[in-house]
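Asks: Give me a model of this one.
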Amino acid sequence: MTANFSRRSFLQVGALGLTGLTLADYLRAAPPASTAKSAIFVYLGGGPTHMDTFDLKPEAAAEFRGDFKPIATDVPGIQISEHLPKLAKQMKDVALVRGISHTLAGHELGTAYVNTGNRPIPSLLYPGLGAVVSKELQGDKDLPHYVAIPSTPQKAGYLGVRYAPLLTNTTPSAGVPFAVRGISLGNGMTVAEYEKRQKLLSQLDTTFGSAEESKLVDGLDKFAQQAFDMISSPKAKQAFDVSLEKPEVAERFGPGKFAMSCLLAARLIDAGVRFTTVSFGGWDTHSNNFKATKDNLLPQLDTGLSALLTTLKERGQLASTTVYVIGEFGRTPKINPNAGRDHWPRAMFALLAGGGIKGGQVLGKSDDKGMGPAGDPITPDQVSATFYSTLGIDHQKEYHTPTGRPVMIVRDGTVLKELV
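Replies: Okay, here's the model as predicted:
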């Protein structure tokens with residue numbers, strides 16, 4: 001990885017000798033160069049169990065370890081759940097972060113935390129990761145910069161609605177052209193509704209001349225019009241149409257909703273969309289945790305995420321696309337009387353791949369029962385700061401709210417340099 005130096009940087013290096021630092025010291029302290037130009041954020045809504053996915057405790061007592069066994073991966077020493085066999089073959093491309101910890105056990109607060117990289121406060125609505133990426137990275141003018149499949153808890157926050165996501169509102173079906181008419185253009189307006197407004201405006205213009213036209217035109221949201229122009233462009237229509245995918249690629253995803261959402265995300269990234277979120281909920285397993293995860297959640301996650309990573313890698317796009325997977329918290333290490341696990345923010349996991357992330361490693365650790373971090377905890381702020389760094393975004397950059405308040409992109413985070 002090559003560092004880029006300005007004249008000012010060299011002058012700073014020249015002064016290092018006065019402080020006893022060497023050029024090597026400077027290089028170690030310098031932020032890493034970014035390699036990603038786009039990102040996919042996979043949100044596992046409800047709080048996925050860390051104990052039965054990527055942080056198993058086979059030596060713990062039965063009331064903690066649960067029903068599943070760990071299996072070896074393609075990286076010696078890294079083990080994950082037996083119900084994630086496809087991902088087990090791809091861990092060399094994935095960085096697994098264990099021992100992430102926070103204290104917000106409610107869904108809404110935990111969700112806001114991991115989707116913004118900032119612990120929520122009542123006085124300020126932080127922008128989601130996608131809003132920041134959309135603001136910082138210039139995208140193709142014929143494509144939306146930020147697409148959520150089918151929706152996302154991320155909001156534009158104090159950045160304003162122009163950085164809000166374009167919602168698909170549904171997941172695509174295998175072999176079926178994706179219906180862009182249901183996509184939200186802004187303030188809940190769909191493509192079909194916008195077309196109706198345009199048709200009504202045309203009819204009124206023909207019938208009444210210009211007397212009423214100005215009021216209707218004034219009522220049209222210019223951002224909705226821009227979104228309509230984007231989503232109705234030939235390039236966008238082709239990107240959203242999963243039925244155009246090569247059969248051999250579509251086959252590895254299969255027909256599942258999450259997997260098809262991952263396929264659409266891969267197509268959007270291939271077309272030039274900067275940021276895509278894929279939401280996969282259902283992880284709030286207070287009861288029947290093992291049946292729900294074994295029969296439904298884990299097979300879907302395994303198929304969809306592994307197919308996404310394989311496709312990005314085949315297309316030469318994994319290095320330029322950061323994939324970030326996380327839920328709002330983990331789940332209780334101790335199994336409850338309903339064969340379930342409850343909310344547990346003290347220990348959770350995240351996956352990072354692509355975008356200059358060093359795969360094939362585990363960073364952080366939880367204790368022998370999965371109750372909390374073993375050693376210094378890793379925070380959602382740190383993971384978010386690291387995510388931004390892969391895209392060349394300085395997480396310490398200051399924005400200003402509409403009232404002029406200066407706010408850093410990530411208030412309390414630091415980059416986890418071991419990952420990049």
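Asks: Please make it C-alpha for all contacts and neighbour counts, starting now.
Replies: Noted.
Asks: Figure out how far stretch 74-92 is from the centre of its chain.
Replies: In terms of CA atoms, centre = their mean, to the nearest Å, the centre of stretch 74-92 is set 21 Å apart from its chain centre.
Asks: Any buried residues in that stretch, and which?
Replies: Buried residues in stretch 74-92, counted by 16 or more other CA atoms under 10 Å: 75, 78-88, 90-92.
Asks: So which of these is the closest to S173?
Replies: K86 (22.2 Å; CA to CA).
Asks: The closest one is in contact with D302, isn't it?
Replies: Yes. In terms of CA atoms under 8 Å, K86 counts as a neighbour of D302; the distance is 5.9 Å.
Asks: which non-adjacent residue is nearest T152?
Replies: If you skip the residues right next to it in sequence, T152 has S279 as its closest partner in space, 6.4 Å away by CA to CA, 6 or more residues apart in numbering.
Asks: neighbours of the nearest residue to V415 once chain neighbours are set aside, just the number please.
Replies: Spatial nearest neighbour of V415, chain neighbours left out: T386 (4.5 Å); criterion: CA to CA, 6+ apart. Other residues within reach of T386, judged by other CA atoms under 10 Å, total 25.
Asks: Give the other helices and strands that the helix or strand hosting T386 contacts.
Replies: Secondary-structure assignment from DSSP states H and E places T386 in helix 380-390. Using 3 or more CA pairs under 8 Å, 6 or more residues apart in numbering; DSSP states H and E as the contact criterion, the neighbours of helix 380-390 among helices and strands are helix 107-116, strand 321-326.
Asks: Tell me who's in contact with the residue nearest to V415.
Replies: T386 sits next to 414-417, 419-420 when contact means CA atoms under 8 Å, 6 or more residues apart in numbering.
Asks: again with I409
Replies: With contact set as CA under 8 Å, 6+ apart, I409 has these partners: 132, 394-399.
Asks: Not counting residues beside it along the chain, what's closest to it?
Replies: Setting aside the residues directly before and after it, I409 is nearest to H395 in space (CA to CA, 6+ apart), at 5.1 Å.
Asks: right, and G354 touches V323 too?
Replies: Yes. Taking CA under 8 Å as the definition, G354 is a contact partner of V323 at 6.1 Å.
Asks: Closest one of the contacts of I409 to M371?
Replies: The closest of the contacts of I409 to M371 turns out to be H395 (CA to CA; 29.6 Å).
Asks: Tell me how far that closest one lies from L166.
Replies: The span separating H395 from L166 equals 24 Å under the rule CA to CA, to the nearest Å.
Asks: ok, now G254?
Replies: If you go by CA to CA, the gap between G254 and L166 works out to 25 Å.
Asks: Looking at these two, which has the bigger crowd around it?
Replies: Of the pair G254 and L166, L166 is the one with more neighbours under other CA under 10 Å, namely 23 against 18.
Asks: What is the helix or strand where L268 lies packed up against?
Replies: Applying DSSP H and E as the criterion places L268 in helix 257-271. Packed against helix 257-271 by the contact rule (3+ CA pairs under 8 Å, 6+ apart) you find strand 38-43, helix 234-240, helix 247-253, strand 275-279, helix 298-314.
Asks: what's near enough to touch I269?
Replies: By CA under 8 Å, 6+ apart, the neighbours of I269 are 38-39, 275-276.
Asks: Might one say that A148 is in contact with V278?
Replies: Yes. Here A148 reaches V278: they are 6.3 Å apart, a contact under CA under 8 Å.
Asks: and F54, what does it touch?
Replies: F54 is in contact with 79-81, 96, 349, counting by CA under 8 Å, 6+ apart.
Asks: neighbouring contacts of the helix or strand K291 falls within?
Replies: Taking DSSP H and E as the criterion, the element that holds K291 is helix 289-292. By CA under 8 Å, 6+ apart, the list of residues contacting helix 289-292 from outside reads 66-67, 285, 339-341.
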